[in-house]
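Student: pasting the structure only:
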């Protein structure tokens, strides 16, 4: 009865106020009991049945399906009885290395960090390892630490990495094995991922490079460059950002109306495309990827951008009259002769403006 009530309430609100933030109502439905039995059902069908029973929309992006052993064909068998929707979903998704997040319009299923960093389709042994980490506690559990030691492989430069890791694990304290391992590795400048039933520990920078091999698809046109970078970063599971001064140095057209059409390419290929179209360079660090201004332009007469200011703008009107294209001109874009003429014109303009301002001030003083 409670589930039906929640369904009617949630549907009524959604129908009358499509833009309303439904998170408080969704949280309430998550705490209501659900009874549902599915057997060898494709994951998408299971989500549809849950949505039909509760009124809560469940979305799982294509890139998340792509990490499962059989993709969209991955099936689930489950019996939910006398449990809340929150607990039932948690149990089923944990077996797949997934979790859900509450959004303003429903639930979104996303991979856990350990699965996302794998960078390829998971095997069932990979998911078994993730599930073991999710249900294991390392606090005062020497047997669990002994199992972890047999599973972990270190690809870091530090000496005695196991001793360093255990020291940080003991500092973290309570939490699931996955959560504790995440915090402990981050404190050491490391990261981890599952691989063939084991756990590989690498430096944060090395992990960032691995994730750039993730296959992504982006089809965005005339959108802010930062939005496109966030989209690429979300699919690759890394932070992509603009360095200091980069946004101000880019032409307005590039910043506000950028397009990227990339189907099933690696994240690094997408970044190379963005770099080529913007003239920027990028580097990988422990935080992710940062786009920066290049040290200089290629070609005769080119200088560094910090010494190559914008000096003009060319406006090209659309024949239909609906918009115009703005092309920002740098000093290095002009020939030496044109630059000399530009400076003479500016010198004359400076004299005219100076004289006009002096006349204005003289008139103001005479009125006083």
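Tutor: Ah, there it is. Since we're looking at a predicted model, the values are computed, not measured.
Student: C-alpha from now on. contacts and neighbour counts both.
Tutor: Fine.
Student: show the subsequent helix or strand relative to the helix or strand hosting residue 87.
Tutor: Assessed by DSSP states H and E, residue 87 sits inside helix 85-94. Note on helix 85-94: by DSSP H and E, the next helix or strand toward the C-terminus is strand 98-103.
Student: the next helix or strand along the chain from that next one pairs with which strands?
Tutor: Downstream of strand 98-103, the first helix or strand assigned by DSSP H and E is strand 106-111. Partners of strand 106-111 in the sheet, by DSSP bridges, are strand 58-59 (parallel), strand 98-103 (antiparallel).
Student: select, out of these, the one closest to residue 112.
Tutor: Among the strands paired with strand 106-111, strand 98-103 comes nearest to residue 112, with 5.3 Å by C-alpha to C-alpha.
Student: buried residues in that closest one?
Tutor: Residues 98, 99, 100, 102 are the ones in strand 98-103 that count as buried (16 or more other C-alpha atoms under 10 Å).
Student: just how off-centre is stretch 48-62 within its chain?
Tutor: Averaging C-alpha positions (C-alpha atoms, centre = their mean, to the nearest Å) puts stretch 48-62 23 Å from its chain's average.
Student: any idea of the mean pLDDT for it?
Tutor: Mean pLDDT, stretch 48-62: 91.
Student: just stretch 225-242 next, same as before
Tutor: Across stretch 225-242, the average pLDDT comes to 91.
Student: show me the contact partners of it.
Tutor: 63, 116-117, 208, 211-212, 214-216, 218, 220, 254-260, 267, 270, 287-292 (C-alpha atoms under 8 Å, 6 or more residues apart in numbering).
Student: which secondary structure element contains the residue nearest to the spatial centre of the chain?
Tutor: Centroid-nearest residue in the chain: residue 234, 2.5 Å away (criterion: C-alpha atoms, centre = their mean). Using DSSP H and E, residue 234 falls within helix 225-236.
Student: quick check: buried residues in that helix?
Tutor: Those would be 225, 226, 228, 229, 230, 231, 232, 233, 235, 236, for helix 225-236 by 16+ other C-alpha under 10 Å.
Student: stretch 208-226 now?
Tutor: Going by neighbour count (16+ other C-alpha under 10 Å), the buried part of stretch 208-226 is 208-209, 211-218, 220, 223-226.
Student: swap in stretch 52-69?
Tutor: Neighbour counts over stretch 52-69 (16+ other C-alpha under 10 Å) mark 53-60, 63-69 as buried.
Student: tell me the contacts of residue 151?
Tutor: By C-alpha under 8 Å, 6+ apart, the residues touching residue 151 are 197, 198, 199.
Student: show the pLDDT at residue 162.
Tutor: pLDDT, residue 162: 95.
Student: rounded mean pLDDT for the helix or strand hosting residue 77, please.
Tutor: Residue 77 belongs to strand 75-84 when assigned by DSSP H and E. Model confidence over strand 75-84, given as mean pLDDT, is 88.
Student: same check, this time on stretch 282-293
Tutor: In this model, stretch 282-293 carries a mean pLDDT of 88.
Student: kindly report the same for stretch 190-210.
Tutor: Computed over stretch 190-210, the average pLDDT equals 90.
Student: how about residues contacting that stretch?
Tutor: 114-115, 117-119, 123, 125-130, 151-156, 182, 185-186, 189, 238, 284-289.
Student: ok, stretch 279-287 next?
Tutor: Against stretch 279-287 from outside (C-alpha under 8 Å, 6+ apart): 189, 204-205, 208-209, 238-239, 274-275, 289-294.
Student: of those, closest to residue 174?
Tutor: Taking the contacts of stretch 279-287 together and measuring to residue 174 by C-alpha to C-alpha, the closest member is residue 189, at 20.7 Å.
Student: ok so, going back, so which elements touch the strand holding residue 77?
Tutor: Here strand 75-84 touches strand 33-42, helix 43-54, helix 85-94, going by 3 or more C-alpha pairs under 8 Å, 6 or more residues apart in numbering; DSSP states H and E.
Student: quick one: strands adjacent to that strand?
Tutor: strand 33-42 (antiparallel).
Student: perfect, I'm done here.
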